[in-house]
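Novice: Below are the sequence and a predicted model for it; my questions follow.
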Amino acid sequence: MEIFVPGSGYSIGWELVTQKPIRRWSREAKARARVRNLQRRMEKRFPLFAEMFTQAELAHRPDYYAASDAAGDPA
């Protein structure tokens with residue numbers, strides 16, 4: 001810290017040396033997680049009508065909940 005003076009060209013920082021590679025989810029896993037999360041949200045917010053609202057949302061956005069490329073997802 002003694003050699004650090006603002007504007008001197010030195011900086012204090014850190015870098016993670018043991019960076020693991022990023023693991024991407026498969027399409028099937030991503031689709032299952034999206035549908036599961038949708039069902040949880042609907043059960044929490046609308047317990048009586050959750051099934052009806054879930055089916056409506058699945059019909060409204062089928063590509064998103066199938067995790068297909070048409071939705072713009074790279075995987």
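Specialist: Arrived safely, thanks for sending. Residues are numbered from 1 along each chain as shown.

Novice: Can you tell me the number of residues neighbouring Q19?
Specialist: The local packing of Q19 (other C-beta atoms under 10 Å) involves 7 other residues. From N, CA and C alone the C-beta is placed, and that goes for glycine too.

Novice: May I see the buried residues of stretch 22-34?
Specialist: 30-31, 34 (16 or more other C-beta atoms under 10 Å).

Novice: and what of stretch 57-68?
Specialist: 57-58, 64-67.

Novice: coming back round to it: the buried residues of stretch 22-34 in helices, which ones?
Specialist: 30-31, 34 (DSSP state H).

Novice: Dump those residues to JSON lines, plus distance to L16.
Specialist: What follows is those, written out as JSON lines (distance: C-beta to C-beta, whole Å):
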{"residue": "K30", "distance to L16": "26"}
{"residue": "A31", "distance to L16": "31"}
{"residue": "R34", "distance to L16": "30"}
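
Novice: hmm, back to that, quick one: which of the buried residues of stretch 57-68 is nearest to W14?
Specialist: Ranked by distance to W14 (C-beta to C-beta), these are led by A67 at 35.5 Å.

Novice: so where does the closest one fall, helix or strand?
Specialist: Assessed by DSSP states H and E, A67 sits outside every helix and strand.

Novice: My read is that it contacts R24, right?
Specialist: No: using C-beta atoms under 8 Å as the test, A67 is too far from R24 to be in contact (11.3 Å).

Novice: Distance-wise, check R45 relative to I22.
Specialist: Noted for R45: a distance of 32 Å to I22, by C-beta to C-beta, to the nearest Å.

Novice: In the protein, where is pLDDT below threshold?
Specialist: Scanning the chain for pLDDT under 70 picks out 1-5, 8-11, 70-75.

Novice: so where do the helices sit in it?
Specialist: Ranges of helices in the chain, per DSSP H, are 27-45, 50-60, 62-65.
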